[in-house]
Each structure stands twice: as structure tokens, then as C-alpha cells.
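Sequence first, predicted model second:
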Amino acid sequence: MAATNYVKAEYIWIDAVGGYRSKTKIIHGKTKVTLKDLSKWNYDGSSTGQAPGADSEVTIVPRAVFPDPFRRNGGHVLVMTDTYDKDGNALPTNSRFLADKVFADKPKEEPWFGIEQEYTMFQDGRPLGWPKSKARTFGGSPTATYGYPAPQGPYYCSAGADVAFGRDIVEEHLESCAYAGIIVSGVNAEVMPGQWEFQVGPCTGIQSGDHMSVARYILNRVAEKHGVMISYHPKPIPGDWNGAGCHTNFSTKPMRGKNGYKKHIIPAIENLGLRHQQHINAYGQYNDQRLTGKHETGSIEKFSWDVADRGCSVRVPNATRDDNSGYFEDRRPASNMDPYIVTAMIFDSAILNGKFASDFDSIKTEGVDIPAVEREKAPAVETAADATLDQLEKEAAVAPGTGGKKKKKKGGCKSQ
């Protein structure tokens, strides 16, 4: 096929509730583009909850460019942007603007982030692979409670049509991210059936938010092709089922160096504990339903950390302790967290001693400051699939035997 004499640029931005929007611009007379070739653009902010109808124009500024995995017959690109008003002021929902300012304060620290994005696939109002009706023996009682699969246990990192659901979407997403140049490092099936995880990183500073945002956008597009909805709700199914998080692994150049664990990592973790509530406020809406101290989570009420313990707020890998250098994992962020806010806040609290803490004070649990009535109408990064939760909550109250993955404690986490 002959090369086209134009480029399709898909401009992506984040709306008022953390969702991903996009539209296409044709750039004529070029077969490939770089960031400097891409102009500012605008959209109707009144349709995304970011501007009033009488003054609705929102400007989007290109920040990062990726090859478009959905348009491979040319130099077509995905463009991650951020949002501004007519006077050039960053919108209140433009978390990238704040993150960029935070990371620019100490670039020599070389902050690395690896983010583990968990999500749940829904189809026909239920998690992918979950049964739709009762299964009965001849003349006997139900062998499967309505709407529920077998208890957790066989699904994590599984293989087989009876335990792994949606692998075609997962593989297509992984390959699409790799094609786009996303620093994607892996995928796996999660503990709850229909739930999966992909990992992005290590990325440096602001790059982490850009790559995670575009990876989420690509996932939504791939699932759209298959008629499947992606839920980033941190507790998509009530009851004894694992929630969905966005564990964030973090290190700096000194942490990765000699004596990094004792000299830099432990003090950084202790700094995080000083601002625990502020982090919780910004780590994702509905996170209180997930951070219960069960299902491999710490309690939302207090900060804790330990080596190798997934029941703590922060986990230190065995290798980090043994090598006296490495990274740590903040396990508190919810699956619907804002990657710009979470990465910048970790860097600010752990390394900058809260220099920008006041800038984060207005951040609500969904990552953007939206009036309560708007949050009620359109909760953060939800899909229509989440509308089934009321029904499932009622079923959970009577569903027997929906067991969870059990975990032995090893003496408990260190609390602050």
C-alpha cells in the first residue's frame, strides 16, 4: 500500500471525571510528525464537564506522541495532551500541569515509577466469564449461586477456558501498547475472575503519567472492538472478592545506589506516613471499599509498612532489603487513581518533604475537584457496567461460599 500524504493525529485528553476523550486531526502534506509539528487544538468543554456553555472552549496542548496502533498504514499518531482555558491557565482538572511542576523541582533524583494497573472486564452487565443463570442438578438444589463463579483461588495467573476470561483482549492490548512505544512490562490474570493487570514502567517522572494514560486509552479502544467494557472501580463486586488497585513502585537514583535502603528508602517511607490522609484523599474514589485490611490490602485508617507483606500500606521487596538498595511499593492507590497525581504526590512527600503539599490539598478522592452533585452523576472512571452493583450487593448478602484468597500474617506491619 502506498504511503499516505497525510497523518492522522488522535488528540487524547482527560475529562472532568478522569475519563479519556479523543478526536482526530488530519495533518496534510506530511508522512510523519514529531511533537513540534503538532499544534494546539480545542474542544467543547461544556460537553466534558470542564467549562460552561457560554464560554466552552478548552485548549489542548500536545505533550507526548506515540505511534497509533489502530492505524498502522502510515505515520499516524496518538497525542497525549493537557487542558487550558482561553487565557492559558491550566484547568483545575489538569493534573499533569501540577505533576510537571513537582518533578521539575529535583530532576537529578531521577524518580522511577512502575505502575500495576488492575481492571475488570464487563459484558452484558457482569464481569467477563461470570455465569448468568442458576445451574441445577436434577431435582436437587442449585450447584452454583446465581451470578457467581466458583470461589477465588484458581484464577490468578491462570490458563484455561474455565478460569481465564478475556485473554484475547489482554494480548491485543499488550501488543498494541508495545507497538505504540508504551513502556509496558507485563500482564497477568488477577485473583478475581474477569480481572486482569498490566504493568507500565519503569518510567521517569512525568513520563509515567503520560504512558499510563495512553495505555488506559488503548485498553478502552481494544475492549470497545470486542464489545467489552472496562471498569476501573476499586471494588467492582461487593463481598468476598478482591478489589482492584494500582500499586505504584517507586525509587530514586540514591535509593538504587549503595546503602540506598537504610539511608534513603526507609526515611522516604516514613515521610509518606506523615501525610497518609492526604494521600488517601487523592488515591482514588471508593477506595474505602477496597482498603479494608482484607484481600491483600492494608487498612485505610492507618499507615503501615513492612518487608514482603502485601497487607501493609507500603511493601518493601525482600531483594531491596537484602541488597540494601532498590525500590518500594505503595499499595494504597486505587485502580481509578490519577497517575499524574499519585506519582507526583509520592515524589513530593517522600523526597521533597511536602514542598507542594498545599497544591494537593484541593484534590478529592477521584483525583479532580468536582462538585459533589457532579461526582454523584458521573463517578470517576466508571463505565455503565458499574450500574449493576446494587443488584450484585443484594445477591452478595445471600450468596454462600464466595471464598477469598487467604493470607497468613507474619507478625504484622510497622504502623506510624
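Happy to help now that I have it. Numbering: from 1, shown residues only.

Count the residues that sit near the residue nearest to residue 243 when sequence neighbours are not counted.
Across the structure, with CB to CB, 6 or more residues apart in numbering as the measure, the residue nearest residue 243 apart from its sequence neighbours is residue 290 (3.5 Å). Every residue, glycine included, has its C-beta placed from N, CA and C. Using other CB atoms under 10 Å, residue 290 is surrounded by 23 other residues.

same thing with the one 5 residues further on?
As a burial measure, residue 295 scores 22 neighbours (other CB under 10 Å).

Would you mind measuring from it to residue 156?
Plainly put, residue 295 is 12 Å away from residue 156 if you go by CB to CB, to the nearest Å.

still on that earlier bit, pLDDT score assigned to the residue nearest to residue 243?
The model reports residue 290 with a pLDDT of 96.

doesn't residue 245 make contact with it?
Yes - at 6.7 Å, residue 290 counts as touching residue 245 under the criterion of CB atoms under 8 Å.

Now do the shared contacts for those two.
Counting by CB atoms under 8 Å, 6 or more residues apart in numbering, the shared contacts of residue 290 and residue 245 are 234, 297, 334.

Show me where this protein has its helices.
95-103, 167-180, 206-225, 253-256, 260, 266-274, 276-282, 318-323, 339-350, 357-360, 372-377, 389-396 (DSSP state H).

any idea which of those is most buried?
Here the criterion is mean neighbour count by mean count of other CB atoms under 10 Å, and of the helices of the chain the winner is helix 339-350, at a mean of 27.

what packs against that one?
Other elements packing on helix 339-350 under the criterion 3 or more CB pairs under 8 Å, 6 or more residues apart in numbering; DSSP states H and E are helix 95-103, strand 112-123, helix 206-225, strand 246-251, helix 266-274, helix 276-282, helix 357-360.

These: which one's closest to residue 322?
helix 266-274 (14.5 Å; CB to CB).

so that closest one versus helix 339-350, what angle?
Orientation of helix 266-274 against helix 339-350 (axes from the mean of the first three to the mean of the last three CA atoms, to 10 degrees) gives an angle of 110 degrees.

And helix 266-274, what does it pack against?
In this structure, helix 266-274 makes packing contacts with strand 314-316, strand 328-330, helix 339-350, judged by 3+ CB pairs under 8 Å, 6+ apart.

would you turn the ones you listed into a markdown table with mean pLDDT and distance to residue 10?
Written out in a markdown table, the entries for the helices and strands packed on helix 266-274 read as follows (pLDDT from 0 to 100; distance: least, CB to CB, whole Å):
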| stretch | mean pLDDT | distance to residue 10 |
| --- | --- | --- |
| strand 314-316 | 97 | 37 |
| strand 328-330 | 98 | 31 |
| helix 339-350 | 98 | 19 |
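
and the ones you listed as JSON lines, adding distance to residue 32?
Written out in JSON lines, the entries for those read as follows (distance: least, CB to CB, whole Å):
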{"stretch": "strand 314-316", "distance to residue 32": "43"}
{"stretch": "strand 328-330", "distance to residue 32": "38"}
{"stretch": "helix 339-350", "distance to residue 32": "28"}
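
circling back: so which of the shared contacts of residue 290 and residue 245 is the most crowded?
Most neighbours among the shared contacts of residue 290 and residue 245, by other CB under 10 Å: residue 334, with 30 neighbours.

Surely that one is in contact with residue 288?
No - using CB under 8 Å, residue 334 is not in contact with residue 288, being 9.5 Å away.

between those two, what contacts are shared?
Once CB under 8 Å, 6+ apart is applied, it turns out that residue 334 and residue 288 contact no residue in common.

what residue ranges in the stretch 101-250 of the chain score low on pLDDT?
Along the stretch 101-250 of the chain, the model assigns pLDDT under 70 to residues 133-146.

can you list the shared contacts of residue 290 and residue 245 in JSON lines and add distance to residue 260?
As requested, these are arranged in JSON lines below (distance: CB to CB, whole Å):
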{"residue": "234", "distance to residue 260": "31"}
{"residue": "297", "distance to residue 260": "27"}
{"residue": "334", "distance to residue 260": "28"}
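
which among those gets closest to residue 275?
Using CB to CB, these come closest to residue 275 at residue 334, 17.2 Å.

Leaving out chain neighbours, which residue sits closest to that closest one?
Using CB to CB, 6+ apart and skipping the chain neighbours, the partner closest in space to residue 334 is residue 284 (2.7 Å).

What pLDDT is listed against that neighbour?
For residue 284, the model assigns a pLDDT of 95.

Residue 312 versus that one, what's the distance?
18 Å.

Those two: which is more packed in?
Summary of the neighbour comparison: residue 284 and residue 312, criterion other CB under 10 Å, with residue 284 having more neighbours (31 against 24).

Do I have it right that the more buried one meets residue 336?
Yes - contact between residue 284 and residue 336 holds when scored by CB under 8 Å: they sit 4.8 Å apart.

Kindly report the domain assignment for the protein.
For the chain, whose domains are defined here by automatic domain parsing, the residue ranges read 6-90, 102-130+155-405.

Go through the ones you listed and pick out the most buried.
Stretch with highest mean neighbour count among these: domain 102-130+155-405 (a mean of 20; mean count of other CB under 10 Å).

want to throw the helices of the chain into CSV with distance to residue 307?
As requested, the helices of the chain are exported to CSV (distance: least, CB to CB, whole Å):
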stretch, distance to residue 307
helix 95-103, 28
helix 167-180, 31
helix 206-225, 24
helix 253-256, 15
helix 260, 15
helix 266-274, 11
helix 276-282, 19
helix 318-323, 5
helix 339-350, 18
helix 357-360, 28
helix 372-377, 37
helix 389-396, 34
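
Determine which of these approaches residue 62 most closely.
Distances from residue 62 to each of the helices of the chain were compared by CB to CB, and the smallest falls on helix 206-225, at 11.0 Å.

what's the angle between that closest one and helix 167-180?
Going by the same axes, to 10 degrees, helix 206-225 makes 140 degrees with helix 167-180.

quick one: helix 206-225 to chain centroid distance?
Offset of helix 206-225 from its chain centre (CA atoms, centre = their mean, to the nearest Å): 9 Å.
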